[in-house]
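**Q** Build me a model:
(4 chains)
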2 protein chains.
Amino acid sequence: MLFIKELGTFAFGSRIKNFSDTLMRDMAKIYKELNVDFEPRWFTFFQLILKRKEISVTQIASELNQTHPAVVQVINILEKKKLIITGKDKNDNRRRLVKLSSRGKALAEELSPLWEDVDVATKEMLNEHAPGFLQMVDKIEEALKEKSIYKKIKEKTKQKIINNLEFVEYEEKYLSDFQKLNEDWLNEYLEITDYDRIILSDPYNEIIKKEGHIFFLVSEGKIIGTYSLQKINNEACELSKFTIKKEYRGWKIGKRMLEHAIQKAKELKYESILLLTHPKLKEATQLYRKRGFEVIPEHPDLTDKTGRCSLCMQLVINQ
Amino acid sequence: MLFIKELGTFAFGSRIKNFSDTLMRDMAKIYKELNVDFEPRWFTFFQLILKRKEISVTQIASELNQTHPAVVQVINILEKKKLIITGKDKNDNRRRLVKLSSRGKALAEELSPLWEDVDVATKEMLNEHAPGFLQMVDKIEEALKEKSIYKKIKEKTKQKIINNLEFVEYEEKYLSDFQKLNEDWLNEYLEITDYDRIILSDPYNEIIKKEGHIFFLVSEGKIIGTYSLQKINNEACELSKFTIKKEYRGWKIGKRMLEHAIQKAKELKYESILLLTHPKLKEATQLYRKRGFEVIPEHPDLTDKTGRCSLCMQLVINQ
DNA sequence: TATATTTATGTAAGCGCTTACGTTTATTAA
DNA sequence: TTAATAAACGTAAGCGCTTACATAAATATA
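**A** Modelled structure (predicted):
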């Protein structure tokens, strides 16, 4: 047995693709053999236009479940071959209406017995070897519309990642991850300042050596997010560099990371956590507020060295 | 309901193609979303190479039911990405052996849980909505291997044509058909001579006006073949311009046409039919011989004006 | 009424496959 | 052993689709 058949559901897409390629080639062969200047893919177009008399490009695309450029390409060919006539819709100048030319109608007439034969042959074959096959295809498509394999996998992957979250402390090997995470986040929302560059280029000396901590949230070997706690004074620390990779957002992971930060601050015997944020960052600010952080006007020991954050928040820790 | 679904078996190929396109796009999305540098179509290659350790290009092509250029293209990409290693087979210098590199193996390892998930998700979906679907695909493929739609249609078309054969006499509107048929046939086997050109350019004056006849075999509006009977003298006529369109050969149509010619000669009160042929034209000569034509050394009233035919045959008609 | 958004279409570039053809090496026949 | 044939692979061009982007007209919104 061919290996591609052995694979079964394991390579479902490839298998079906292979199958469809064979079918389409078979069809092309028929027209070629009969010396008819007709491509298999024109067939659905002809049938649709025959039924609708006059139809626009995007209508064709949606009825045939194709993209509109694909439709444009086909109708341009058919127009060149004078099988269809196209023109603007008088009521809507954007729309291009397509109808069969007399030549197109004649060709459809000529080919219709052949099409009938193909239909009968296909029906016979399916009835004999695979009754109900097309209904199954319909059902699969409906099921995939409800929830595609892609969505299922995404959910599964999400669950796996969430179930395997771990925190690790900074090590030299994470330097580039730390930089990338923060650069991506800054590029997304704000400008990177010189102060950012200093911290990011040497987090070890700028944070760790100054009695600070950097943590990474990892899962299944993948870095998910990071944050740092920097010492302000014996009573307070600053939470910063708090970011989660874009593709993992909306999974309530920020909450987990914030909880971990608070726990760490407790362990480190701080009495309060301060942070600087920007009102623009609504999700983050919301997250902090929900967990009890409160906006405070300013703090003597916490100056915004980047000159962009306009919001200082504080959480008092009750040990 | 989408029109393409309404069409059902009428557009079976297109329907399945559409389905497979959707599936493949769905797969591509998974890898893209997960930020993995992996294309869906590589999957079957990876699985096959994993299983076989070392395998050649055409072996891959045959196991995956693909053409070898398609395989070459994929493995060139995979080699560029250092996921596979290829090299010549020491025992057969034509063959290019493919195996996974350590990097390729690592990637396969990394992706295998994802692949498992896809497999499970697909199995679940199929079990729920379309149990036995892949077995049906197998059966359809087997059935089509035995006798493809193409072959079925070809047979049907053949039968239709054979059942509707008719003979019509020459009319002006058939001039170009007459010319085309004969030119095609001559180009296929022999050189076109000046004498041919004279006859073909004006068959009306060259044949009909000289008490000759031209017949066409037509079916369903299509010209299938032609022949002419030219008067040699009161007792004998010459059968010539006997040809059948390439795509209709091998259908025993020549026999029908020859029979018709003999019948016509009888009706015209000839006592013998002569013809000039060439030993190169085996099928034709065989046909004539079977029907009773016999090679004769020469005939005083029938000279070969083209200077190429070296075989004169004769059938004596018993009225 | 001016502006923003949506809709309909077109264009370009690219991907994955095909067919057609060419080259090299192996195998078979003479 | 030589010559013809077959097999393995490569390359080029083309087709049918995609995504990404652009443009213009219609519609919604302020």
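
**Q** alpha carbons only for contacts and neighbour counts from here, please
**A** Fine.

**Q** so A:Ile214 is in which element?
**A** Assigned by DSSP states H and E, A:Ile214 belongs to strand A:213-219.

**Q** Is the residue nearest the centre of chain A in a helix, a strand, or coil?
**A** Centroid-nearest residue in chain A, with CA atoms, centre = their mean: A:Glu247, separated by 8.6 Å. Look at A:Glu247: counting by DSSP: H, G, I helix; E, B strand; the rest coil, its state is helix.

**Q** and it, how far is that from A:Lys158?
**A** Here the criterion is CA to CA, to the nearest Å. By it, A:Glu247 lies 10 Å from A:Lys158.

**Q** Same question for A:Glu238.
**A** 30 Å.

**Q** So these two - more neighbours on which side?
**A** Counted by other CA atoms under 10 Å in any protein chain shown, A:Glu238 and A:Lys158 do not tie: A:Glu238 has more neighbours, with 21 against 13.

**Q** show me the contacts for the more buried one.
**A** By CA atoms under 8 Å, 6 or more residues apart in numbering or on different chains, A:Glu238 lies in contact with A:228-232, A:273-275.

**Q** Now intersect these with the helices, please.
**A** Using DSSP state H, the subset of these located in helices is empty.

**Q** most neighbours, which of those residues?
**A** Neighbour counts for the contacts of A:Glu238, by other CA under 10 Å, peak at A:Leu229, which reaches 26 neighbours.

**Q** Next to chain B in this structure, residues from the stretch 201-319 of chain A, please.
**A** Not one residue of the stretch 201-319 of chain A sits near chain B, judged by CA under 8 Å from any CA of the partner chain.

**Q** Do you have the helices of the stretch 201-319 of chain A handy? List them.
**A** A:203-206, A:253-267, A:282-290 (DSSP state H, counting those that start in this stretch).

**Q** Around A:Ala70, count how many other residues there are.
**A** Applying other CA under 10 Å, we find 11 residues neighbouring A:Ala70.

**Q** Name the nearest residue to it, sequence neighbours excluded.
**A** Computed as CA to CA, 6 or more residues apart in numbering or on different chains, the closest residue to A:Ala70 that is not its neighbour in sequence is A:Ala61, at 7.9 Å.

**Q** you'd agree the one you found is up against A:His68?
**A** Yes. Assessed by CA atoms under 8 Å, A:Ala61 is found in contact with A:His68 at 5.3 Å.

**Q** Would you mind giving the secondary structure of A:Glu166?
**A** When classified by three-state DSSP, A:Glu166 comes out as strand.

**Q** Could you report the pLDDT at it?
**A** As predicted, A:Glu166 sits at a pLDDT of 93.

**Q** Equivalent analysis for A:Gln319, please.
**A** Note for A:Gln319: predicted pLDDT of 61.

**Q** Enumerate the residues of the stretch 51-200 of chain A near DNA strand D.
**A** For the stretch 51-200 of chain A, the residues in contact with DNA strand D (CA under 7 Å from any atom of the strand) are A:66-70, A:74, A:91-94.

**Q** and which of these is nearest to B:Phe242?
**A** Nearest to B:Phe242 out of these is A:Val74 (CA to CA; 41.7 Å).

**Q** Go ahead and report the secondary structure state at the closest one.
**A** helix.

**Q** Count the neighbours of A:Thr86 for me.
**A** By other CA under 10 Å, 20 other residues sit near A:Thr86.

**Q** circling back: show me just the buried residues among the residues of the stretch 51-200 of chain A next to DNA strand D.
**A** The neighbour-count test (16 or more other CA atoms under 10 Å in any protein chain shown) marks A:Gln66 as buried among those.

**Q** Among the residues of the stretch 51-200 of chain A next to DNA strand D, which ones lie close to DNA strand C?
**A** For DNA strand C, the contacts drawn from those by CA under 7 Å from any atom of the strand are A:68-69, A:94.

**Q** Outline the domain layout of chain A.
**A** A:36-146, A:157-316 (automatic domain parsing).

**Q** Mind checking the pLDDT average for the shortest one?
**A** Predicted confidence along domain A:36-146 averages 92 (mean pLDDT).

**Q** re earlier: so which of the helices of the stretch 201-319 of chain A comes closest to DNA strand D?
**A** helix A:282-290 (21.3 Å; CA to the nearest atom of the strand).

**Q** any idea how far the closest one is from the chain center?
**A** Computed by CA atoms, centre = their mean, to the nearest Å, the chain-centroid distance of helix A:282-290 equals 25 Å.

**Q** Pick out the residue of the stretch 1-150 of chain A closest to DNA strand C.
**A** A:Arg95 (2.9 Å).

**Q** burial count for that residue?
**A** As a burial measure, A:Arg95 scores 16 neighbours (other CA under 10 Å).

**Q** How about the contacts made by it?
**A** Shown in contact with A:Arg95 (CA under 8 Å, 6+ apart): A:56-57, A:88-89.

**Q** Keep only those of those residues that are in helices.
**A** Using DSSP H, the contacts of A:Arg95 in helices are A:Val57.

**Q** quick check, nearest of the contacts of A:Arg95 to DNA strand D?
**A** A:Asp89 (8.2 Å).

**Q** out of everything not next to it in sequence, what's closest to that closest one?
**A** Using CA to CA, 6+ apart, the closest residue to A:Asp89 is A:Arg95 (5.5 Å).

**Q** And that neighbour, how far from A:Asp117?
**A** 36 Å.

**Q** cool, and A:Val74?
**A** Distance of A:Val74 to A:Asp117, given as CA to CA: 24 Å.

**Q** How many neighbouring residues does A:Asp301 have?
**A** 9.

**Q** cool, and A:Tyr189?
**A** 11.

**Q** any chance you could map the strands in chain A?
**A** With strands called from DSSP state E, chain A shows them at A:55-56, A:84-88, A:96-100, A:165-169, A:213-219, A:222-231, A:236-244, A:272-277, A:294-296, A:311-316.

**Q** Now flag whichever of the contacts of A:Glu238 is closest to chain B.
**A** A:Ser228 (26.0 Å; CA to the nearest CA).

**Q** Tell me which residues touch that closest one, please.
**A** A:207, A:212-215, A:238-242.

**Q** could you redo the last one with a cut-off of 6 Å?
**A** Taking CA atoms under 6 Å, 6 or more residues apart in numbering or on different chains, we find A:Ser228 in contact with A:213-214, A:239-241.

**Q** ok, of these, which one's closest to B:Lys282?
**A** A:Lys241 (88.5 Å).

**Q** Isn't the closest one up against A:Tyr227?
**A** Yes. Contact status for A:Lys241 versus A:Tyr227: in contact at 4.8 Å, counting by CA atoms under 6 Å.

**Q** Neighbours of the closest residue to A:Lys123 other than its chain neighbours, how many?
**A** By the measure of CA to CA, 6+ apart, the closest residue to A:Lys123 outside its immediate chain neighbours is B:Thr9, 6.2 Å from it. Around B:Thr9 there are 20 other residues, counting by other CA under 10 Å.

**Q** any idea of the pLDDT on B:Thr9?
**A** For B:Thr9, pLDDT reads 87.

**Q** I'd like to know how far it sits from B:Leu217.
**A** When B:Thr9 is compared with B:Leu217 (using CA to CA), they lie 34 Å apart.

**Q** picking up where we left off before, I'd like to know which of the helices of the stretch 201-319 of chain A is closest to A:Lys147.
**A** Closest approach to A:Lys147 among the helices of the stretch 201-319 of chain A (CA to CA): helix A:253-267, 23.9 Å.

**Q** Okay, buried residues for the closest one please.
**A** Applying 16+ other CA under 10 Å to helix A:253-267 flags A:253-254, A:257-258, A:260-262, A:265-266 as buried.

**Q** Lovely, talk soon.
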